[in-house]
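Trainee: the following comprises the amino acid sequence and a computationally predicted model.
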Amino acid sequence: MAPRIEQRQQALVSHRTNFWGRPSAASTASWRYRAQPRVVKRPDDGQPAFQRSVRCKVCKKSLTYSVHSAQAARARQKRWRTITYVSLAIFVVGLLGFILLLVLGGGPVLTGIAIAASAGGFVAVTCIGQVAAEETGVTGHFNSWPVISKHAVALDRPGVAELVCPRCGHAEEFGRPSVYRDGHPQTPYEVAKARLEAHDCRTP
Ligand SMILES: [Zn+2]
Ligand SMILES: [Zn+2]
């Protein structure tokens, strides 16, 4: 799900504090960020992107982002979605072609093309699908690229700002599947909230 885009909205600018992923549940790694809430104000539709600088509180680096209008941001989300669907189609066609060539006995060249198409389509779906899911219309510094970037700008999903410690800026992410504790399912939000309350607070 791509983030909701509004003309003026709360965002979190975060600095990644660990280089290697910490192992977390379900054989995934997670990255710890320190976040500072910010209000993103977008240019009017049809206007060029704003250049906005924000100084990271953690590393003091000045980060300049391009802030696109709500219309442009939605168009970017749509473009990524379209590319994802096209890649998915290439993957499926490549796979079907490969199977068909196996059954009918195709030459090595055609089979190679089919394998390349399905493999390329698969990689594109995975990478671009992630970009599509994270496009915020705020670009720069690898934001919403399929890489684990040093700094990230996330738009405020409901309640995200409350998951930032007001004292040290420690941020908890949520959105991972719920876990069970004492036999009761907890929402990802409750889990993140509990982690925030238990975090090792170091006031800078
Ligand atoms: Zn930083
Ligand atoms: Zn704290």
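Mentor: Good, I have the coordinates. All figures in this text were calculated on a predicted structure; none of them were measured in a lab. Residues are numbered from 1 along each chain as shown. Ligands and ions are numbered 1, 2, ... in the order given.

Trainee: count the neighbours of Ser144 for me.
Mentor: Each residue near Ser144 was counted by other CB atoms under 10 Å, and the total is 25. For the C-beta atoms, the positions are set from N, CA and C on the backbone; glycine is no exception.

Trainee: now Val191
Mentor: Neighbour count for Val191, taken as other CB under 10 Å: 18.

Trainee: name the helix or strand for it, please.
Mentor: helix 188-198 (DSSP states H and E).

Trainee: show me the protein divided up by domain.
Mentor: Domains of the chain are assigned by automatic domain parsing as 74-132, 164-204.

Trainee: right, and these - which one's nearest ligand 1?
Mentor: Ligand 1 lies closest to domain 164-204 among those, at 10.9 Å (CB to the ion).

Trainee: quick revisit: of the domains of the chain, which shows the lowest average pLDDT?
Mentor: Among the domains of the chain, domain 164-204 carries the lowest mean pLDDT, a mean of 66.

Trainee: how far away is the nearest residue to Asp45 once chain neighbours are set aside from Arg42?
Mentor: In space, and not counting its chain neighbours, Asp45 is closest to Gln71: 3.8 Å by CB to CB, 6 or more residues apart in numbering. To Arg42, Gln71 is 9 Å away according to CB to CB, to the nearest Å.

Trainee: now swap in Thr136 and tell me
Mentor: In terms of CB to CB, Thr136 sits 10 Å off from Arg42.

Trainee: would you confirm that Ile128 belongs to a strand?
Mentor: No - secondary structure assignment (DSSP: H, G, I helix; E, B strand; the rest coil) places Ile128 in helix, not in a strand.

Trainee: for it, give its distance to Ser66.
Mentor: On the measure of CB to CB, Ile128 and Ser66 end up 20 Å apart.

Trainee: the two: who's more crowded?
Mentor: A direct count of neighbours by other CB under 10 Å for Ile128 and Ser66 places Ile128 higher, at 21 against 15.

Trainee: so who does that one touch?
Mentor: Trp80, Ile83, Thr84, Ser87, Pro146 (CB atoms under 8 Å, 6 or more residues apart in numbering).

Trainee: the same query, at a cut-off of 7 Å, please.
Mentor: Trp80, Ile83, Thr84, Ser87 (CB atoms under 7 Å, 6 or more residues apart in numbering).

Trainee: what do you get for Leu196?
Mentor: The neighbours of Leu196, taking CB under 7 Å, 6+ apart as the test, are Leu163, Cys165, Glu172.
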